[in-house]
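In: please find the sequence and the predicted model below.
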Amino acid sequence: MISQFKARLAATAVTLMIVLNPAAGHSQAATAAAPKVDAVETQMPHISVQTIGKGTPVILVPGLSSPRAVWAGVVPTLAKSHRVYVVQVNGFGGDDPRANLSPGILDGIVGDLHTLIAQSKLGKPAIVGHSMGGLVALMLAKAHPEDVGKLMIVDSLPYIGEIFAPGATVAALEPQASAMRAGMAAAYGKPANPAANEALAARMALKPDSRVAVAGWAAKADARVSAQAMYEDLTTDLRPDMASIAAPITLVYPWNAVGPTKPAADALYRKAYATAPHVTLVDIGDAAHFVMLDQPAAFQAALDAFLQR
């Protein structure tokens with residue numbers, strides 16, 4: 001039996017293990033609204049990007065099955081002094097999945113981000129990624145170091161297989177990841193299970209409003225896209241590459257009284273990022289995986305400090 005800590009991280013890896021009604025595009029649960037600001041939207045094969053504000057560029061990448069609305073609490077403030085590029089993975093917000101119905105979703109997102117940065121002449125922007133979005137940000141820094149000025153990784157690991165067993169390999173985990181993918185994809189088009197969504201959200205967030213938002217987002221995501229993206233997340237191992245990522249990394253991670261406690265969280269994340277040459281660790285208490293929802297003020301402060309470094 002895995003610990004409460006590993007149970008939460010396992011839920012992070014399989015955010016939509018119990019699904020959903022991805023085809024419906026509607027949810028019984030309320031969801032956090034996107035900020036009411038004027039934005040220019042660009043559609044790409046694997047992502048869409050809303051561009052808001054003026055100033056130095058910042059790219060925000062959400063996690064597995066999350067829409068861009070996960071960043072709604074920070075975008076208005078950021079847009080006062082930054083040009084903010086708010087990503088949404090096609091299929092995660094109830095929109096057309098486009099190229100994400102084929103394998104290669106994570107590499108496709110990296111490719112789209114590279115195109116965005118080159119075509120928009122962003123130089124080396126700051127990249128902020130949550131969960132799977134954090135893994136994508138690390139992948140971008142590995143594949144295109146010229147694209148990244150600095151990284152803020154929010155509750156993400158270089159290889160999530162570590163939560164199943166220390167030293168786990170992709171080869172050992174692949175059969176389980178494949179089975180998870182098949183189970184999730186099979187739920188596409190079937191009636192939603194609100195109780196299951198709410199139970200899952202309770203693992204991912206602490207505050208009632210946070211849980212309502214997370215459950216609503218889960219109900220709108222396309223299970224086919226979530227299944228393949230989860231599989232790719234579970235079978236991507238960046239541990240050997242961490243020492244070569246030169247971009248400064250700010251790692252934000254949560255802890256709480258139920259678990260993970262602060263000592264447990266400190267130990268896990270320090271070990272996971274031990275070989276990265278430039279890492280700043282920022283822990284936020286009384287929060288779960290969706291730390292930006294559970295502790296918005298503390299998260300905003302961490303984001304501001306990251307951008308000022």
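Out: Thanks, I have it. Numbering: from 1, shown residues only.
In: the helix or strand that contains Leu303 - what's its average pLDDT?
Out: Taking DSSP states H and E as the criterion, Leu303 maps to helix 296-308. Across helix 296-308, the average pLDDT comes to 98.
In: what's that helix packed up against?
Out: Applying 3 or more Cβ pairs under 8 Å, 6 or more residues apart in numbering; DSSP states H and E, one finds that helix 296-308 contacts strand 126-130, strand 150-154, strand 249-255, strand 279-285, helix 291-294. Bear in mind the C-beta positions are built from the backbone N, C-alpha and C, glycine included.
In: for the fourth one, packing partners?
Out: It stands for strand 279-285. Strand 279-285 packs on strand 249-255, helix 262-272, helix 296-308, going by 3+ Cβ pairs under 8 Å, 6+ apart.
In: is the residue most central in space within the chain in a helix, a strand, or coil?
Out: Note on the chain: the residue nearest the mean C-alpha position is Gly63, at 2.1 Å, using Cα atoms, centre = their mean. Here Gly63 is recorded as coil under DSSP: H, G, I helix; E, B strand; the rest coil.
In: in space, what's closest to it - neighbours in sequence excluded?
Out: Distance criterion Cβ to Cβ, 6 or more residues apart in numbering; nearest residue to Gly63, sequence neighbours excluded, is Ser131 at 2.8 Å.
In: surely the one you found is in contact with Ile153?
Out: No: the criterion here is Cβ atoms under 8 Å, and Ser131 misses it with Ile153 at 9.4 Å.
In: can you pull out the helices in this structure?
Out: 4-13, 75-78, 105-119, 132-143, 170-185, 194-204, 208-220, 223-234, 262-272, 291-294, 296-308 (DSSP state H).
In: let me have those helices in TSV, adding mean neighbour count as columns.
Out: Below are the helices of the chain laid out as TSV (neighbours: other Cβ atoms under 10 Å):
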stretch	mean neighbour count
helix 4-13	18
helix 75-78	18
helix 105-119	20
helix 132-143	25
helix 170-185	16
helix 194-204	19
helix 208-220	24
helix 223-234	25
helix 262-272	16
helix 291-294	26
helix 296-308	16
